[in-house]
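Asker: take a look and give me a structure for this.
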Amino acid sequence: MARERARHPAPAQAPAALNEKGLALTALLKETLQEFQPEMGSTLDEVVVTIQSHLVVEVGRKLRDDPRTACDLLRCLSVVDYEDHFEVVYHLYSLEKNHRFVVKTTVPYESPHVPSLISVWPGADWYEREGHDLFGLVFDGHPNLSPLLLYEGFEGYPGRKSFPFNDYQEW
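Answerer: Presented below is the predicted three-dimensional model:
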């Protein structure tokens with residue numbers, strides 16, 4: 001007996017509330033990344049920059065090397081499964097400038113490839129391996145996408161919404 005996936009209404013969205021620093025960071029990022037034509041936005045109190053997936057490495061280098069942004073830390077990389085596409089979310093931080101923001105990109109479900117950011121932030125290694133293990137994303141240029149969380153030969157991608165979990169029943 002297959003359990004149907006529960007469908008809940010989408011939660012109410014809290015309005016974005018950028019303070020002066022957030023508004024200034026939005027303007028700075030818009031200027032710094034203008035050649036990449038990013039889509040700018042915000043979620044709650046954090047600036048969000050959306051770019052095309054093939055630009056990930058170029059944008060990462062620009063954000064790291066430009067003295068106005070000086071993003072020297074990839075805080076986290078996460079993957080979101082929207083069932084028809086993936087979204088890769090890079091949480092960035094500058095220790096020197098003390099600003100944080102998010103860079104997002106969309107990856108098609110049929111061809112889940114995105115460039116690796118190891119050459120920009122070596123700390124992307126484990127995050128990318130986790131994204132590969134759980135969602136099947138291929139981070140092109142990554143030197144070693146061997147399993148991090150799962151065993152060699154594991155079938156499927158348990159982070160995907162389509163992954164079949166066994167029904168759990170109490171005795």
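Asker: following element in sequence after the helix or strand containing residue 133, please.
Answerer: Per DSSP states H and E: residue 133 is located in helix 124-135. Downstream of helix 124-135, the next assigned helix or strand under DSSP H and E is strand 138-140.
Asker: could you check how far the closest residue to residue 130 other than its chain neighbours is from residue 110?
Answerer: Nearest non-adjacent residue to residue 130, counting by CB to CB, 6 or more residues apart in numbering: residue 148, 5.6 Å away. Every C-beta, even on glycine, is put in place using the N, C-alpha and C of the backbone. According to CB to CB, to the nearest Å, residue 148 and residue 110 sit 24 Å apart.
Asker: now the strands for the chain?
Answerer: 39-43, 46-51, 73-81, 85-94, 99-108, 113-115, 138-140 (DSSP state E).
Asker: so which of those gets nearest residue 57?
Answerer: strand 113-115 (4.8 Å; CB to CB).
Asker: pairing partners for the closest one, with directions?
Answerer: Partners of strand 113-115 in the sheet, by DSSP bridges, are strand 138-140 (parallel).
Asker: chain center to the partner strand: distance?
Answerer: In terms of CA atoms, centre = their mean, to the nearest Å, the gap separating the centre of strand 138-140 from the centre of its chain is 13 Å.
Asker: buried ones in it, by neighbour count?
Answerer: 138, 139 (16 or more other CB atoms under 10 Å).
Asker: before we move on, what about stretch 52-62?
Answerer: Quick answer for stretch 52-62 (16+ other CB under 10 Å): 53, 55, 56, 57, 59, 60, 62.
Asker: name the residue closest to the centre of this protein, please.
Answerer: residue 89 (1.6 Å; CA atoms, centre = their mean).
Asker: ok, it - contacts?
Answerer: 76, 77, 78, 79, 80, 102, 103, 104 (CB atoms under 8 Å, 6 or more residues apart in numbering).
Asker: wouldn't the fourth one be in contact with residue 90 here?
Answerer: No - no contact is recorded between residue 79 and residue 90 when judged using CB atoms under 8 Å, the distance being 10.7 Å.
Asker: rewinding a little: neighbour count for residue 148 and residue 110, which is higher?
Answerer: Higher neighbour count among residue 148 and residue 110: residue 148, with 16 against 7, using other CB atoms under 10 Å.
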